[in-house]
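Trainee: Okay, sequence plus prediction incoming.
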Amino acid sequence: DAKTTQPTSMDCAEGRAANLPCNHSTISGNEYVYWYRQIHSQGPQYIIHGLKNNETNEMASLIITEDRKSSTLILPHATLRDTAVYYCIVRVLNTGTASKLTFGTGTRLQVTL
Amino acid sequence: GAGVSQSPRYKVAKRGQDVALRCDPISGHVSLFWYQQALGQGPEFLTYFQNEAQLDKSGLPSDRFFAERPEGSVSTLKIQRTQQEDSAVYLCASSLYTGGAKNIQYFGAGTRLSVL
């Protein structure tokens, strides 16, 4: 799976949008971009995924550049409960067998009052 | 509905002891994964089951680590003769399908193993 690069940490004021960048310059055409987050003392939680189109769900939006070499996860109105480590993962999808997740060290997002 | 359940939540072992960590996946989920997370690091893949078949064990760090899922539901990760470097959080994840983009992995809260 392609390697990803994320900033080590970011701060965001509560109520503001949190924009978390991820570089994946070696991504292949059949690799998807997934985002998970891990709140302290909990297991990772799925947020969103995409291939090449922008995606939005109830948690976040995912913006993928046209060349697919980078992406941004957007939390539109961050709250204190969004404080967590956010992982950007590039993943090849197999047919017939599930594929593992390869986590990096992620971005530690601190939401402040 | 019930999520992935792991037990115990915390385990303290003396070096050299054997330990067994349990994972109850979401009912009906075909795929089951084990990950190891060292302090300050992201989770790292250990092994993968599709039903009762262990299809990938490439991440197991040594032959002291053994996992099973005999009836295709509950899984146990066993570590023999524990060493201090085995201290970590062990995470279990399950997913409904075997493949595809929408095959989301759902994680348990993990078992924190401390080897003294």
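Mentor: Sure thing, it's come through.

Trainee: ok, how many other residues are close to residue A:47?
Mentor: A count of neighbours around residue A:47, defined by other Cβ atoms under 10 Å in any protein chain shown, yields 19. Where C-beta positions appear, they are placed from N, C-alpha and C, glycine not excepted.

Trainee: Report whether it is found in a helix, as I expect.
Mentor: No. Assigned with DSSP: H, G, I helix; E, B strand; the rest coil, residue A:47 falls outside any helix and is strand.

Trainee: Distance check, the closest residue in space to it that isn't next to it in sequence against residue A:56.
Mentor: Nearest non-adjacent residue to residue A:47, counting by Cβ to Cβ, 6 or more residues apart in numbering or on different chains: residue A:35, 4.3 Å away. Between residue A:35 and residue A:56 the computed distance is 12 Å (Cβ to Cβ, to the nearest Å).

Trainee: Now for these two: what residues contact both?
Mentor: A:48, A:62 (Cβ atoms under 8 Å, 6 or more residues apart in numbering or on different chains).

Trainee: These two: who's more crowded?
Mentor: Ranked by neighbour count (other Cβ under 10 Å), residue A:35 and residue A:56 place residue A:35 first, with 24 against 13.

Trainee: Other residues contacting the host helix or strand of the more buried one?
Mentor: Secondary structure assignment for residue A:35, by DSSP states H and E: strand A:31-38. With contacts defined as Cβ under 8 Å, 6+ apart, strand A:31-38 is touched by A:1-2, A:20, A:22, A:24, A:27, A:44-51, A:60, A:62, A:64, A:68, A:71, A:73, A:82, A:84-93, A:101, A:103, A:106, B:101.

Trainee: Can you show me the strands along the chain?
Mentor: Chain wasn't specified; assuming chain A. A:9-13, A:18-23, A:31-38, A:45-50, A:55-56, A:61-64, A:70-75, A:84-92, A:107-112 (DSSP state E).

Trainee: Hmm, no, I was thinking of chain B.
Mentor: B:5-7, B:10-13, B:19-24, B:31-37, B:44-50, B:53-56, B:65-68, B:75-79, B:88-95, B:106-107, B:111-115.

Trainee: Please determine how far the residue nearest in space to the middle of chain B is located from chain A.
Mentor: Here the mean C-alpha position of chain B is nearest to the C-alpha of residue B:34 (Cα atoms, centre = their mean), at a distance of 3.1 Å. Distance from residue B:34 to chain A, counting by Cβ to the nearest Cβ, to the nearest Å: 10 Å.

Trainee: didn't that residue look like it was pressed against residue B:89?
Mentor: No. Residue B:34 is beyond contact range of residue B:89, at 11.4 Å (criterion: Cβ atoms under 8 Å).

Trainee: So which bits of chain B are right by chain A?
Mentor: Contacts of chain B with chain A, taken as Cβ under 8 Å from any Cβ of the partner chain, map to B:4, B:30-31, B:33, B:35, B:40-45, B:48, B:50, B:55-56, B:59, B:91, B:93, B:95, B:97-101, B:103-110.
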